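Novice: Give me a 3D structure for the following:
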Amino acid sequence: PMAQAALGSAGLHFDDLNKLRVLEPEVAAQTAQLREECRAFVDKTAEFQKIVGSLIELVDQLAKAAESEKMKAIGARNLLKSIAKQREAQEQQLQALIAEKKMQLERYRIEYETLCKIEADQNEFIDQFIFQK
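Specialist: Residues are numbered from 1 along each chain as shown. Modelled structure (predicted):
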């Protein structure tokens with residue numbers, strides 16, 4: 001005990017296996033425990049970084065997929081607008097054609113009425129000519 005006290009005052013200590021140590025056994029044990037806790041912390045931090053990395057990768061993939069779907073939707077919307085404009089133009093063409101055909105029909109009707117009048121006049125002339133004989 002006296003030798004241990006003298007060594008202790010010099011900063012030297014014996015451990016459980018009676019080996020000479022610079023640190024007190026209790027401080028050495030705490031240091032070893034802290035080392036293990038630090039190692040476990042570093043391992044957990046590395047695992048956390050790995051999880052976060054895979055999460056970021058997944059979010060990036062989802063963002064790319066969302067962007068792709070957004071582009072498809074924009075393309076589909078533009079296509080629908082284009083089709084709608086084509087149909088509108090087609091409808092205007094058909095309306096113009098209908099108006100043209102109505103005008104043509106009206107010209108034909110007037111021409112028909114005129115020809116009917118001419119026919120009636122000619123029939124009347126023929127009747128008068130026949131009665132004169």
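Novice: now the helix or strand where Leu115 lies: mean pLDDT?
Specialist: According to DSSP states H and E, Leu115 maps onto helix 25-132. Across helix 25-132, pLDDT averages out at 96.
Novice: what about Ser54, distance to Ala99?
Specialist: Distance of Ser54 to Ala99, given as C-beta to C-beta, to the nearest Å: 67 Å. All C-beta spots, glycine's among them, are computed from the backbone N, C-alpha and C.
Novice: just Tyr108 next, same as before
Specialist: 15 Å.
Novice: How about Lys70?
Specialist: According to C-beta to C-beta, Lys70 and Ala99 sit 43 Å apart.
Novice: Likewise for Lys50?
Specialist: Lys50 is 73 Å from Ala99, by C-beta to C-beta.
Novice: before we move on, what about Gly53?
Specialist: From Gly53 to Ala99 the distance is 69 Å (C-beta to C-beta).
Novice: same deal with Gln49?
Specialist: Gln49 sits 74 Å away from Ala99, going by C-beta to C-beta.
Novice: Kindly report the same for Val27.
Specialist: Counting by C-beta to C-beta - Val27 and Ala99 are separated by 105 Å.
Novice: With Ala65 instead?
Specialist: On the measure of C-beta to C-beta, Ala65 and Ala99 end up 51 Å apart.
Novice: try Gln93
Specialist: In terms of C-beta to C-beta, Gln93 sits 11 Å off from Ala99.
Novice: and if you look at Lys72?
Specialist: 41 Å.
Novice: cool, Gln132 as well?
Specialist: The value you get for Gln132 to Ala99, if C-beta to C-beta is used, is 49 Å.
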